[in-house]
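S.K.: After the sequence you'll find the predicted model.
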Amino acid sequence: MKEIARNPLHLKSVNHISLICRSAEESLNFYQNVLGFFPIRRPGSFDFDGAWLFGYGIGIHLLQAENPEKLPKKTEINPKDNHISFQCESMGAVEKKLKEMEIDCVRATVEEGGIRVDQLFFHDPDGFMIEICNCDSLPVIPLAGEMARSCSRLNLQMMQQQQQMQQVVPQL
């Protein structure tokens, strides 16, 4: 019987995300002074400008664009765009600080089962979307044994196979 791999590549964690920047210096300032990341040593053997930062268990690698003037500039804040999300302690404090820093943001709210999650979306200097939320109030619920609204037929089949395997293979 074919074994279903839960971690086929034996991954441990997210290490970093890389972002191409118009100005690595401007983006470094943003990620340090707005989001609280701190710079870390970057290999000197790289033959291009950039910066490495670390915070909240993840690295951000800023890469200076070769042709910054050719990078597209996003102006509309769209919560459905690619983004990275950070949980916060106080949405009110975050919103107040963003206003003080004159950073435009868009509010959104998700409510389900009596749980409310507040979100703030804004851009970094290059238009990459940042979300700040109180998402830790939303429980992480595995899909096993439950039909997800957006679940494709393939995902449903994989879930059923996993459940069958769990019944056949004794837990060690």
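M.R.: In hand now; what should we look at?

S.K.: Adjacent strands (with direction) for the lengthiest strand in the chain?
M.R.: Assignment by DSSP state E gives strand 115-123 as the longest strand of the chain. Strand pairing for strand 115-123, using DSSP bridges, gives strand 106-112 (antiparallel), strand 129-133 (antiparallel).

S.K.: Residue 21 is nearest to which of those?
M.R.: Taking C-beta to C-beta, strand 129-133 is the member of these nearest to residue 21, at 14.1 Å. Glycine gets a C-beta too; all of them are placed from N, C-alpha and C.

S.K.: can you list contacts of that closest one?
M.R.: 35, 74, 77-79, 81-88, 91, 94, 117-124 (C-beta atoms under 8 Å, 6 or more residues apart in numbering).

S.K.: And stretch 24-40, by the same measure?
M.R.: So stretch 24-40 is contacted by 19, 21, 49-56, 59-60, 62-64, 86, 101, 103, 124-126, 130 (C-beta under 8 Å, 6+ apart).

S.K.: thinking again about what came up before, in PDB, please show the C-alpha coordinates belonging to the longest strand of the chain.
M.R.: Included here for strand 115-123 are C-alpha records, laid out as PDB according to Å, rounded to 0.1, in the frame of the first residue of the first chain:
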ATOM      1  CA  ILE A 115     -14.800  34.700  16.700                       C
ATOM      2  CA  ARG A 116     -13.700  38.100  15.300                       C
ATOM      3  CA  VAL A 117     -10.300  38.600  13.600                       C
ATOM      4  CA  ASP A 118      -9.200  42.200  12.800                       C
ATOM      5  CA  GLN A 119      -6.700  42.900  10.100                       C
ATOM      6  CA  LEU A 120      -4.800  45.900   8.800                       C
ATOM      7  CA  PHE A 121      -3.200  45.800   5.400                       C
ATOM      8  CA  PHE A 122      -0.500  48.200   4.100                       C
ATOM      9  CA  HIS A 123       2.400  48.300   1.700                       C
END
